[in-house]
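A.B. asks: What would the 3D arrangement of this be:
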Amino acid sequence: MQVLEKITVEDLKNKVLDGYEISREDARFLYNADYKELTQASKEIREKFCGDSFDMCTIINAKSGRCPENCKFCAQSAFYNTDVKTYSLLSKDIIVNDAIDKYNQGVPRYSLVSSGKNLSNEDIDRVCEIVEEIHRQVPVEVCISGGLINEEGFEKLKKAGVTRIHNNLETSRNFFPSICTTHLYDQKINAIKAAKKANMEICSGGIIGLGESREDRLDMIYQLKELEVNSIPVNVLNPIPHTPLENNEILSEEEINRTIAVFRFIIPDATLRLAGGRANMAGLGKSAFEAGANAAITGDMLTTHGVTINDDKKMIESLNYKVRLIS
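C.D. replies: Numbering: from 1, shown residues only. All right, here's what the predicted structure looks like:
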């Protein structure tokens, strides 16, 4: 009778360090493995593939509220009474001055985030003017989160100096209809592919704590791997009053860190970026950065408080990371 070899975290770690791509079965095992072994192994994988580099970015809510999409987690959806501030695209002066301020505080990547299904052609032209002015002032990397933009729009933004687009998948294909019904999962994937055709870098991840299963999270990360996405934001749901998910239980830090560690095993060289919800974690999310994450959004989020740049810089230094741009 053949005796099956017992799988261990150490064995899988060593295989990944040697170039092995873990299977879905491996990932399921890791999700339930000893917590300390898992997070320590993930840290070692991060050290091997990413070194001590830490990618820090900041965002501005460049266009707020009145969104016609019904994403159940979002304070900016017009479907829910959240009393969020609403305004059209901010003026060039406001955005440029904010970008200069954040760059001077040591943040090398700056992102304009816009509510709505997509940016209009007029808004894209205005964003291009704003980005060109930012680059006349400071050499900051500029990203855009503008929804379901087409290839022509991405090409305009690329020409103006936008290097990276952000478009979260949010969750798995199967669970997505439970979160949003006003646009399709494939529309998100098509927008990502259009940006890639325009030779733009891609930042795409999702939110955990929506009510999804671990299998949904694995579906999402393997989809991102298939799309060859390297910058992966991991948001933790911060339940917003008056949204359909207002009563969702906030995930434990162990569950958050387990997810990050498993993601690190699946895409060893990924830039795993803690995003929304980090301010609710102890120590500004320090345990997650010890478990394999190596990037963060610093400053306030879109409609919620985040972590100050100064506090983040102190925390990053305490972990012996160095703030650098990671492509």
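A.B. asks: quick one, helices of the stretch 151-300 of the chain?
C.D. replies: 151-160, 185-197, 214-226, 253-266, 286-290 (DSSP state H, counting those that start in this stretch).
A.B. asks: Show me what the fourth one is packed up against.
C.D. replies: It stands for helix 253-266. Applying 3 or more Cβ pairs under 8 Å, 6 or more residues apart in numbering; DSSP states H and E, one finds that helix 253-266 makes contact with helix 9-17, helix 24-31, helix 35-50, strand 206-208, helix 214-226, strand 231-236, strand 271-274, helix 286-290. Where C-beta positions appear, they are placed from N, C-alpha and C, glycine not excepted.
A.B. asks: mean confidence score for the second one?
C.D. replies: Looking back up the chat, that one is helix 24-31. In this model, helix 24-31 has a mean pLDDT of 97.
A.B. asks: got the contact list for it?
C.D. replies: Helix 24-31 has contacts (Cβ atoms under 8 Å, 6 or more residues apart in numbering) with 7, 9, 12, 22, 38, 214, 218, 222, 258-259, 261-262, 265-266.
A.B. asks: That one to helix 35-50, inter-axis angle?
C.D. replies: 120 degrees (axes from the mean of the first three to the mean of the last three Cα atoms, to 10 degrees).
A.B. asks: Please identify the deepest-packed of the helices of the stretch 151-300 of the chain.
C.D. replies: When the helices of the stretch 151-300 of the chain are scored by mean count of other Cβ atoms under 10 Å, the highest mean neighbour count falls to helix 253-266 (a mean of 23).
A.B. asks: Next, the angle from it to helix 214-226.
C.D. replies: 30 degrees.
A.B. asks: Helix 253-266 - what's its average pLDDT?
C.D. replies: For helix 253-266, mean pLDDT rounds to 98.
A.B. asks: How far off centre is it?
C.D. replies: 14 Å (Cα atoms, centre = their mean, to the nearest Å).
A.B. asks: Can you name the residues bridging to the most centrally placed residue in the chain?
C.D. replies: Nearest to the mean C-alpha position of the chain, by Cα atoms, centre = their mean, lies P233 at 1.6 Å. In this entry, P233 is beta-bridged to R273, by DSSP bridges.
A.B. asks: show me what contacts it?
C.D. replies: Neighbouring residues of P233 by Cβ under 8 Å, 6+ apart: H166, N168, C203, S204, G205, G206, R273, L274, A275, I297.
A.B. asks: Please apply the same query to R164.
C.D. replies: Neighbours of R164 in contact, by Cβ under 8 Å, 6+ apart: R109, S111, E141, C143, I144, M200, E201, I202, C203, S231.
A.B. asks: before we move on, what about N167?
C.D. replies: Per Cβ under 8 Å, 6+ apart, neighbours of N167: S145, G147, L148, K188, A191, I192, A195, I202, C203, S204.
A.B. asks: rerun that using 6 Å as the cut-off
C.D. replies: By Cβ atoms under 6 Å, 6 or more residues apart in numbering, the contact list for N167 reads K188, A191, I192, S204.
A.B. asks: Same list, those residues, but as CSV with distance to E317 and pLDDT please.
C.D. replies: Below are the contacts of N167 laid out as CSV (distance: Cβ to Cβ, whole Å; pLDDT from 0 to 100):
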residue, distance to E317, pLDDT
K188, 36, 97
A191, 37, 96
I192, 34, 97
S204, 29, 98
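A.B. asks: wait, which of the residues you listed is closest to G116?
C.D. replies: For the contacts of N167, the residue nearest G116 by Cβ to Cβ is A191; the value is 13.2 Å.
A.B. asks: Could you report the neighbour count for the spatially closest residue to the closest one that is not a sequence neighbour?
C.D. replies: Nearest residue to A191, sequence neighbours excluded (Cβ to Cβ, 6 or more residues apart in numbering): L148, at 4.7 Å. Residues lying near L148 (other Cβ atoms under 10 Å) number 19.
A.B. asks: Could you list the buried residues of stretch 195-205?
C.D. replies: Across stretch 195-205, burial judged by 16 or more other Cβ atoms under 10 Å covers A195, K196, A198, M200, E201, I202, C203, S204, G205.
A.B. asks: Tell me if I'm right that P108 and K322 touch.
C.D. replies: No. Judged on Cβ atoms under 6 Å, P108 makes no contact with K322 at a distance of 11.5 Å.
A.B. asks: and these two? which has more neighbours close in?
C.D. replies: P108 (17 against 10).
A.B. asks: What about the closest residue to that one other than its chain neighbours, how many residues nearby?
C.D. replies: Sequence neighbours aside, L325 is the residue nearest to P108 in space, at 5.3 Å (criterion: Cβ to Cβ, 6+ apart). Neighbourhood size, L325 [other Cβ under 10 Å]: 14.
A.B. asks: returning to that earlier point: looking at the contacts of N167, which is nearest A279?
C.D. replies: Proximity of the contacts of N167 to A279 was ranked by Cβ to Cβ; the top entry is S204 with 22.1 Å.
A.B. asks: Distance of the closest one relative to H166?
C.D. replies: 7 Å (Cβ to Cβ, to the nearest Å).
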